[in-house]
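fold the following and give me the result.
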Amino acid sequence: FWSMEEPDSGRGRKYARVVIDEAEKAKKFKEAWNQTILPTLMDFKGDAWILSTPKFGNTYFKELFHREDPQWQRFNLSTYSNPHIDPNEVDILREQLDELTFRCEILAEDVNVANNPFAYAFNPDKHVVPVEFNSALSLYLSFDFNVDPITCIAVQYTHDGCINVLKEFYLRNSDIYQLCDAILTAYPKAAYIITGDATGANRSALTSGNYGYYDVVQRRLNLGRNQMKQPAVNPSIRDTRVLVNSLLQNSCVRIDPTCEWLRKDLQYVEVDDAGDILKDRSTDLRKADLLDCWRYYCHTFHRNFIRAF
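You can find the predicted model right below:
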């Protein structure tokens, strides 16, 4: 067994058969296959099985899959083909996942998303709707602690199952103290519940007294410990991308028109072939700060929307 984290793994060996599992997860798969793995098959005129769930976009795994070569064979099997999985469970996933993710991850189709946007299920005509604060409901605050801008979104989850993004806070040349003051001004008597960027738990020289950002939030907003729901580590981009798009397609999500920066992030932020967000701090359209706030909120409070798959 060799790890695909290191493309030189197995170099200098010789094999009659190599099985590569989850090839799409290996960021250096092309390099490993051509420079290391393929030469190990020469001595015994060996063969290789290259297995994976496909990813969105154009990838080297898909390039090999579509190669026209009489020495190659290709097979495409969906999760429905697995005799150990109840097809009713797959049908449940169909109702939870967005269409493109279901086709890619479950049906193993070659899905290519044009320009590869992170939030490909976002539709401004569907999702941008005026919403109002309801004092009878908790107010969820999700933070992203960049130095400039420092950001937060305010969200409520209604009794009829709708996620309402009420307001975004986007402060330039500011700090966590001013952000908390802006929240208190906008919603002075709300019942806050807090989540966001896991790095906010670290002690920071940017706060007086060398407190962590969440320490400041808790003190400034006068919160109890049970109101603090910040994660220990940040969720993976891939997992939150599936979750965000599934919620956008299959759940009731309403974003107030005043949330300008969140709407721009959902429309314009893209991912690379590895699924990582393409951030560009030099342009306001690619910073993804409000998208991060949204990802953190969805992961903390709605990650059970999708069953593990």
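
tell me where the stretch 151-300 of the chain has strands.
For the stretch 151-300 of the chain, the strands defined by DSSP state E, counting those that start in this stretch cover 162-171, 192-196, 252-255.

what would these look like in TSV with distance to Ser138?
Glycine gets a C-beta too; all of them are placed from N, C-alpha and C. Converted to TSV, the strands of the stretch 151-300 of the chain look like this (distance: least, CB to CB, whole Å):
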stretch	distance to Ser138
strand 162-171	12
strand 192-196	5
strand 252-255	17
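
for the nearest residue to Leu223 once chain neighbours are set aside, what are its contacts?
Leaving aside its sequence neighbours, Leu223 sits nearest to Tyr192 (CB to CB, 6 or more residues apart in numbering; 6.0 Å). Counting by CB atoms under 8 Å, 6 or more residues apart in numbering, Tyr192 touches 138-141, 183, 221, 223, 227.

hmm, back to that, compare the strands of the stretch 151-300 of the chain and report which one is nearest to Thr240.
Smallest distance to Thr240 across those (CB to CB): 12.6 Å, for strand 192-196.

please save the CA atoms from that closest one in CSV.
Only the C-alpha atoms of strand 192-196 are listed here, as CSV (Å, rounded to 0.1, in the frame of the first residue of the first chain):
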residue,chain,number,x,y,z
TYR,A,192,-27.9,35.5,19.7
ILE,A,193,-26.4,32.1,18.7
ILE,A,194,-22.8,32.3,17.5
THR,A,195,-20.7,30.3,15.0
GLY,A,196,-18.1,31.1,12.3
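
for that strand, buried residues please.
Residues of strand 192-196 classed as buried by neighbour count (16 or more other CB atoms under 10 Å): 192-196.

show me how far that strand is from its chain's centre.
19 Å (CA atoms, centre = their mean, to the nearest Å).

same question for that strand, mean pLDDT?
The average pLDDT within strand 192-196 is 97.

one more: stretch 75-92?
On average, stretch 75-92 scores 93.

now do the end-to-end distance for it.
Length of stretch 75-92, first residue to last, CA to CA, to the nearest Å: 25 Å.

quick one: Val217 and Phe145 touch, right?
No - here Val217 lies out of contact with Phe145, judged by CB atoms under 8 Å, at a distance of 9.8 Å.

okay, and the common contacts of those two?
Counting by CB under 8 Å, 6+ apart, the residues touching both Val217 and Phe145 are 176, 200.

pick out whichever of these two has more residues nearby.
Taking other CB atoms under 10 Å, Val217 and Phe145 do not tie; Val217 has more neighbours (27 against 24).

where does the prediction get shaky in the stretch 101-250 of the chain?
112-115, 203-210 (pLDDT under 70).
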